[in-house]
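Trainee: just coords:
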């Protein structure tokens, strides 16, 4: 495997930020952990502290998934061959945003598939043996033509994967956002909460630096971008799955037992969903052992937290954290978060790109340690 070496850029020293906790301010450290030449989407941390990340598919990267080899360098993950589309096979990574490691060192990668029009799939690569572990396919009706399945929870207790589908893939507008449930043993897939009030976006703008983000509507006129079910996580006891549309002011949760109860009708399952807390427009979602939820607040360059009181508050803010995206816990007690700069892309600024390298990965100490598969 040929290692990709990138120009070395000095890594900035830790930056002082503030945390609002129980009405008080306390000093915490937010470190810039890596400075990279391409936009980072989501992050997976393996049990032995390997950092695996997706290059954000919004920018059509050649290397879809990478492994950090230094604060400024990376190599294709699992290798260059798997990052190269081929004819006559789907044994490659096509279009990746979401990925997460399990406790056994298997990195589970969601291939959304619509860049080269292949069936979406969940690819498990074993970092301990450096071999393909398994592929789970996500065909219709588990996915739709407009699907964008992009974040994942690994539930070893109940032998399931839970995948958030934003429904903003080709032709999608978020109105069919859903959760996809995959059985680890049989590979069987189910699509649930499709178009539910808890998964679809609300009718409100995403506003960054005073400007609403818009995209061309079906009539060709600018329309505010709205994104469905995005962040998803689960408590360490595997009792509740927490999730939220990116565009929306609510975090929701549902009991794992209800999510996996196939006897429930769509209406009955919807009735089991509970509104958990307020929130701003957010991308990623993670959790710690104490049950605190961490949210990447895309509009305000900040990380928010929802504690046991179910109240949202800002945890830390960093001026260079432009569009904080993926967030995950590491085995070292830190949480890692990417700043993908999506809101600085040319399509949101009259064709003039404002995104630029370096693209940053941060890490910070959460209130309590987190769980890598959440």
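Mentor: Looks like it arrived, so ask away. Worth saying up front: this structure is predicted, and the values here are computed from it rather than measured. Residues are numbered from 1 along each chain as shown.
Trainee: since we're on residue 79, how many residues are nearby?
Mentor: Residues within reach of residue 79, counting by other CB atoms under 10 Å, total 14. For glycine as for every other residue, the C-beta is placed from the backbone atoms N, C-alpha and C.
Trainee: Ok, residue 67 next?
Mentor: 22.
Trainee: Next: residue 59.
Mentor: Neighbour count for residue 59, taken as other CB under 10 Å: 16.
Trainee: Name all residues that make contact with the spatially closest residue to it that is not a sequence neighbour.
Mentor: Nearest non-adjacent residue to residue 59, counting by CB to CB, 6 or more residues apart in numbering: residue 39, 5.2 Å away. Residue 39 makes contacts with 55-56, 58-59, 61, 340-342, 355, 359, as judged by CB atoms under 8 Å, 6 or more residues apart in numbering.
Trainee: What of residue 94?
Mentor: Residue 94 neighbours (CB under 8 Å, 6+ apart): 64, 85, 111-116, 118.
Trainee: For PyMOL, what selects the buried ones among those residues?
Mentor: Buried residues among the contacts of residue 94 (16 or more other CB atoms under 10 Å), as a PyMOL selection:
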select buried, resi 64+111+112+113+114+115+118
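Trainee: what's the residue nearest to residue 59 sitting at in phi/psi?
Mentor: phi -60, psi 130 (degrees, to the nearest 10).
Trainee: Distance check, it against residue 208.
Mentor: 15 Å (CB to CB, to the nearest Å).
Trainee: cool, and residue 345?
Mentor: Using CB to CB, we find residue 345 at a distance of 11 Å from residue 208.
Trainee: Kindly report the same for residue 248.
Mentor: Look at residue 248 and residue 208: by CB to CB, they are 16 Å apart.
Trainee: more crowded one of those two?
Mentor: residue 248 (26 against 19).
Trainee: which one is that one nearest to, not counting chain neighbours?
Mentor: residue 202 (4.4 Å).
Trainee: At which residues are the strands of the stretch 201-350 of the chain located?
Mentor: Along the stretch 201-350 of the chain, counting by DSSP state E, counting those that start in this stretch, strands occupy 207-208, 211-212, 214-216, 222-224, 229-234, 240-245, 250-255, 274-278, 282-287, 293-297, 302-306, 312-317, 324-329, 335-339.
Trainee: gap between the second one and the chain center?
Mentor: Its chain's C-alpha centre and that of strand 211-212 lie 23 Å apart, by CA atoms, centre = their mean, to the nearest Å.
Trainee: Equivalent analysis for stretch 216-233, please.
Mentor: With CA atoms, centre = their mean, you get 17 Å for stretch 216-233.
Trainee: same question, stretch 238-256
Mentor: The answer for stretch 238-256 is 14 Å, by CA atoms, centre = their mean.
Trainee: how close does the closest residue to residue 329 other than its chain neighbours sit to residue 284?
Mentor: Distances taken as CB to CB, 6+ apart place residue 370 nearest to residue 329, at 2.5 Å, with adjacent residues excluded. Separation of residue 370 from residue 284 (CB to CB) stands at 12 Å.
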